[in-house]
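Q: this one's structure only:
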């Protein structure tokens, strides 16, 4: 028993080691050479550790800016950015963060079992968002329902595995309309948003008036370089916060540096931290996804892969840009409304959900409803995300960041928040 | 033929570029060509043309990347393995010819 306890406490509940083992098994199953297996395993362990280190940097760079906002207006800021959200959730979970790795693996196994035994033949392959989902699910279950430990892992694993199978499955028809073949489906974190756009688009627009036929200025391709765009967006947002807070409050944090320069440089620092996190994720994802794919091909040959939503972007480059701009408009409008009613939690738009929700939802909306549908769906999805997060945070009290993509700001917020309210009602 | 250096590129360098990497590795095996394939993001791809023989990327990115002199295989459907293999084979032929002439 002592050995079993050692294995569980010291190895399986440490995400770098657990996911390193998953890579090891997956690569060995595929008959890779010893050298490739060792490289893959070590890089998975390094990548996850780099991700953890970067998460610390990210929360560190956000903290002073969010504190300024609180000091000046008694408002809590929430960055709508998956990686700063992940960092904030990991920090809030403390030791319980160890359950995120097992939950990700349980969810993947549940996905494989459902795909193997039912007609929902979809395998979710987007590893970086699977880990992210596991982090948020662990946190939401613990915070909202007090579910933690093995129970939390089992409940969360079943919820995630079902979500990773059913929602991509429901998107297959729309994916096929966009791609022209049932080759792959959306496996990311805006599947409910895609379904919403697919339902709404034909009601509000005309597919004959395609967004792809309008002329957009060429400089908008700057949106595709994330580090550049993130720096611009964050410098502007943090600069505005510094100006609103004023020199007196900023100088409490700036350690003698000029207050405005300090505010602007936080935007650069944020992108630096984001780049560290992304390089960690990239390192372990490059190893674990082929391993997952190897396992799934052995278990369910011929299943449809659910892949990163970016795979849909080439099918409508102009709809992507227009969707991004529309979602941005929706988020800023919703933010202004919240400031107007003095809501105590203010979501601040981030680059990644804007591009990866607004962009592909634009592509899907354009297919069924043309340019009008792209704009209407984009604005709507942006507003729903901001209002959803503002509500979740009012109810829970996490600070710093939240994922910001549609499924977590709206879909899971409704399901888990609704369940919590129901339990409250039943208990009286 | 010598080992080719191939990179696959997408916006953030870990979603669709990774699927492209796996499909490219498979296509190279089927073509009987040795190659090392890496997935990178569009930021890292600036000037990668000097260090790689072939860049595999999405059609909308291919235009905005400054790739230098290497061969570009342009992709629309990330899972369309047949056209990927066909275009890779064509790029490899071009490399063979240009190196044979030297």
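A: Noted; the coordinates are in hand. Keep in mind the model is a prediction, meaning the values are calculated, not measured.

Q: so how far is residue A:229 from the closest residue to chain B within chain A?
A: Using Cβ to the nearest Cβ, the closest approach of chain A to chain B is made by residue A:308 at 2.5 Å. From N, CA and C alone the C-beta is placed, and that goes for glycine too. Per Cβ to Cβ, to the nearest Å, residue A:308 is found 18 Å from residue A:229.

Q: out of the two, which sits in the busier spot?
A: Higher neighbour count among residue A:308 and residue A:229: residue A:308, with 30 against 18, using other Cβ atoms under 10 Å in any protein chain shown.

Q: any chance you could read off phi and psi for the closest residue to that one other than its chain neighbours?
A: Take residue A:308 and drop its neighbours on the chain: the residue closest to it by Cβ to Cβ, 6 or more residues apart in numbering or on different chains is residue B:15, 2.5 Å away. When read as degrees, to the nearest 10, the backbone of residue B:15 gives phi -100, psi -90.

Q: Next, work out how far apart residue B:15 and residue A:281 are.
A: The value you get for residue B:15 to residue A:281, if Cβ to Cβ is used, is 10 Å.

Q: same check, this time on residue A:105
A: 17 Å.

Q: And the two? Which one has more around it.
A: Set side by side, residue A:105 and residue A:281 show more neighbours around residue A:281, with 25 against 21, by other Cβ under 10 Å.

Q: Isn't the more buried one up against residue A:47?
A: Yes: Residue A:281 is in contact with residue A:47 according to Cβ atoms under 8 Å; the separation is 6.8 Å.

Q: ok, which residues in chain A are in contact with chain B?
A: A:125-128, A:179-181, A:183-184, A:188, A:221, A:224-228, A:278, A:281-282, A:285-286, A:289-290, A:293, A:305, A:307-311, A:313-315, A:317, A:320, A:352, A:355 (Cβ under 8 Å from any Cβ of the partner chain).

Q: Are any of those residues buried, and if so which?
A: Applying 16 or more other Cβ atoms under 10 Å in any protein chain shown to the residues of chain A next to chain B, the neighbour count classes A:125-128, A:179, A:183-184, A:188, A:224-227, A:278, A:281-282, A:285-286, A:289-290, A:293, A:305, A:307-311, A:313-315, A:317, A:320, A:352, A:355 as buried.

Q: So which of those residues sit within strands?
A: Secondary structure from DSSP state E places A:305, A:307 of these in strands.

Q: So which bits of chain B are right by chain A?
A: B:10-16, B:18-19, B:21-22, B:39, B:41-43, B:58-61, B:63-64, B:75-80.

Q: Pull out the buried residues from these.
A: B:10-16, B:18-19, B:21-22, B:39, B:41-43, B:58, B:60-61, B:64, B:75, B:77-80.

Q: Run through the neighbouring helices and strands of the helix or strand of chain B with the lowest mean pLDDT.
A: Within chain B, no helix or strand scores below helix B:59-64, which has a mean of 81 by mean pLDDT, DSSP states H and E. Secondary-structure packing of helix B:59-64 (3 or more Cβ pairs under 8 Å, 6 or more residues apart in numbering or on different chains; DSSP states H and E): strand B:71-75.

Q: List the buried residues of the helix or strand following the strand it packs on.
A: Later in the chain than strand B:71-75, the nearest helix or strand by DSSP states H and E is helix B:81-101. Across helix B:81-101, burial judged by 16+ other Cβ under 10 Å covers B:84-85, B:87-89, B:91-92, B:95.

Q: What of stretch B:33-40?
A: Here stretch B:33-40 shows B:33, B:35, B:37-40 as buried, counting by 16+ other Cβ under 10 Å.

Q: if we can go back for a sec, surely the residue of chain A closest to chain B and residue B:13 touch.
A: No: with contacts counted by Cβ under 8 Å, residue A:308 stays clear of residue B:13, the gap being 10.7 Å.

Q: just the helices in the stretch 301-428 of chain A please.
A: Using DSSP state H, counting those that start in this stretch, the helices found in the stretch 301-428 of chain A span residues A:317-340, A:351-353, A:359-396, A:406, A:412-427.

Q: For the shortest one, the averaged confidence score.
A: In this model, helix A:406 carries a mean pLDDT of 96.

Q: same check, this time on the first one
A: Across helix A:317-340, the average pLDDT comes to 94.

Q: ditto for the second one
A: In this model, helix A:351-353 has an average pLDDT of 89.

Q: Distance from the chain centre to that helix, please.
A: Its chain's C-alpha centre and that of helix A:351-353 lie 9 Å apart, by Cα atoms, centre = their mean, to the nearest Å.

Q: Against which helices or strands is it packed?
A: Using 3+ Cβ pairs under 8 Å, 6+ apart, helix A:351-353 sits against helix A:82-93, helix A:226-250.
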